[in-house]
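Asker: For reference, the sequence and a predicted model appear below.
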Amino acid sequence: MSAFDTWVTKLIGVEGGYSNNPDDVGGATKFGITEKTAREEGYSGQMQDLTFDIAKAIYKRRYWDHLRLDDVAISSKAIAFEMGDTYVNTGISGQFLQRLLNVLNRQQKDYPDIAADGVVGPSTLAALRSFLVARGADGERVLLAGLNALQGYHYVTITEQRERNESFMYGWLLQRVVKEAA
C-alpha cells in the first residue's frame, strides 16, 4: 500500500461519511470533502452520493499532490501524514512546516532559512532532509509536536473568532492534535 493510500484510508476514517451540520461553515460534506470543494473538482452529483473513489481522487489531486507529500514521505511518512491531515482540516500546513524549519535551524547553521510561503518545493524539501539528518528521530518527534501545536493554536484562534466552531473544537483537538501527538 502506498503512503497516500495509507494516509487517505486513515483520514476518511476520521472524517466519516455524510454530514450537513448547521454549525459547519463547510456545509454538506462526505468523507470530509465539502460540497464547494467537490464542485470545484468537477463533481456534480448529490453529496450523499459521493463515492469513496471520487473522494480519494480529490484528496490525491487537491491535497496530497499539491503539497508534494510523496516527496515529504521519502524523508518522513509521519510528517507527510500530519501535513496532509492538517491541510485538509485547516487549509494550512506547508507554511507551518516552513516556519518550524526556520526556527529549528540553529540560526541557519544546519541549513538556510526558507520562504514561509506554504509552497512545498525544493528548498523546503532540502531543509526537511537537512533537519532530519541533523536531529534524527528526536527531531522528527519535535517537528511533529510543533506541527500539532500550530494546528491546535489555529483551532483555538478560529473558535475564538466564531463561537459556532465550539461544536467541533473538542473533536478537532482529540482527533487531530491529541491523537496524532500520542
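Answerer: Yep, that arrived. Since the model is a prediction, treat every value here as computed from it, not as a measurement.

Asker: Kindly report the domain assignment for this structure.
Answerer: The record's domain split for the chain, according to automatic domain parsing, is 1-65, 74-182.

Asker: Can you lay out these as a markdown table showing mean pLDDT and mean neighbour count?
Answerer: C-beta coordinates here come from the backbone N, C-alpha and C atoms, glycine included. Shown next, in a markdown table, are those (pLDDT from 0 to 100; neighbours: other CB atoms under 10 Å):
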| stretch | mean pLDDT | mean neighbour count |
| --- | --- | --- |
| domain 1-65 | 95 | 16 |
| domain 74-182 | 94 | 17 |
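
Asker: For Ala115, see how far away the nearest residue to Glu15 once chain neighbours are set aside is.
Answerer: With sequence-adjacent residues excluded and distances taken as CB to CB, 6 or more residues apart in numbering, Glu15 is closest to Gly32, at 3.0 Å. Distance, Gly32 to Ala115, using CB to CB, to the nearest Å: 29 Å.

Asker: The residue nearest to Glu15 contacts Val88, correct?
Answerer: Yes. Between Gly32 and Val88 there is a contact under CB atoms under 8 Å: 6.2 Å.

Asker: what sits in contact with each of these two?
Answerer: Common neighbours of Gly32 and Val88, using CB atoms under 8 Å, 6 or more residues apart in numbering, are Leu11, Glu15.
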